[in-house]
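> Pasting a predicted model and its sequence here:
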Amino acid sequence: MKKIECYIRESDVQPLVDALAKTGIGGISIYAVQGFGRQKGKGMGTLMDKMKVEVFTLDIEMDYVIGTILDVTRKGGFGDGKIAILPVDDVIRIRTGEKGAKAVF
């Protein structure tokens, strides 16, 4: 499994949620965050409002999920965001004790 974390514009959140829901993902978490990077026109240290989206996915579905994220959020300009892909050793559903993919999907 993988955990995909992406930082995107607030205006892209609902279109992304709608598109990801159609992929059959097991769930999504969204957080309002602030940060800075190399966004054109904004100095280093100037905090920008962004949204952080977290998705767990099976390895075999990862490319499809990332493609969906890119299709929705890529505008071709500064500030489109970032995607990080992290390995997941295990996931445990607290209620049942199920592990792995069963705990997510």
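Good, I have the coordinates.

> Can I get the longest helix along the chain in CSV? Just the C-alpha atoms.
Longest helix in the chain, counting residues (DSSP state H): helix 62-73. The C-alpha coordinates for helix 62-73 follow below in CSV (Å, rounded to 0.1, in the frame of the first residue of the first chain):
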residue,chain,number,x,y,z
MET,A,62,-1.4,4.1,-7.3
ASP,A,63,-0.8,5.3,-10.9
TYR,A,64,-4.5,5.6,-11.6
VAL,A,65,-5.1,7.7,-8.4
ILE,A,66,-2.1,9.9,-9.1
GLY,A,67,-3.3,10.4,-12.6
THR,A,68,-6.7,11.5,-11.3
ILE,A,69,-5.0,14.0,-9.0
LEU,A,70,-2.9,15.4,-11.8
ASP,A,71,-5.9,15.6,-14.2
VAL,A,72,-7.9,17.6,-11.7
THR,A,73,-5.2,19.9,-10.2
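
> Please identify the helix or strand for G79.
Following DSSP states H and E, there is no helix or strand that holds G79.

> ok, the closest residue to A84 other than its chain neighbours - how many residues close by?
Leaving out its chain neighbours, the residue that sits closest to A84 by Cβ to Cβ, 6 or more residues apart in numbering is E5, at 4.6 Å. Glycine gets a C-beta too; all of them are placed from N, C-alpha and C. Neighbourhood size, E5 [other Cβ atoms under 10 Å]: 15.

> Correct me if wrong: E5 contacts V53.
Yes. Assessed by Cβ atoms under 8 Å, E5 is found in contact with V53 at 7.2 Å.

> got any ranges where the chain has weak pLDDT?
The chain contains residues with pLDDT under 70 at 39-44.

> Could you pick out the longest strand of it?
Longest strand of the chain, by residue count under DSSP state E: strand 48-57.

> Flag every buried residue along that one.
The neighbour-count check on strand 48-57 (16 or more other Cβ atoms under 10 Å) flags 50-53, 55-57 as buried.
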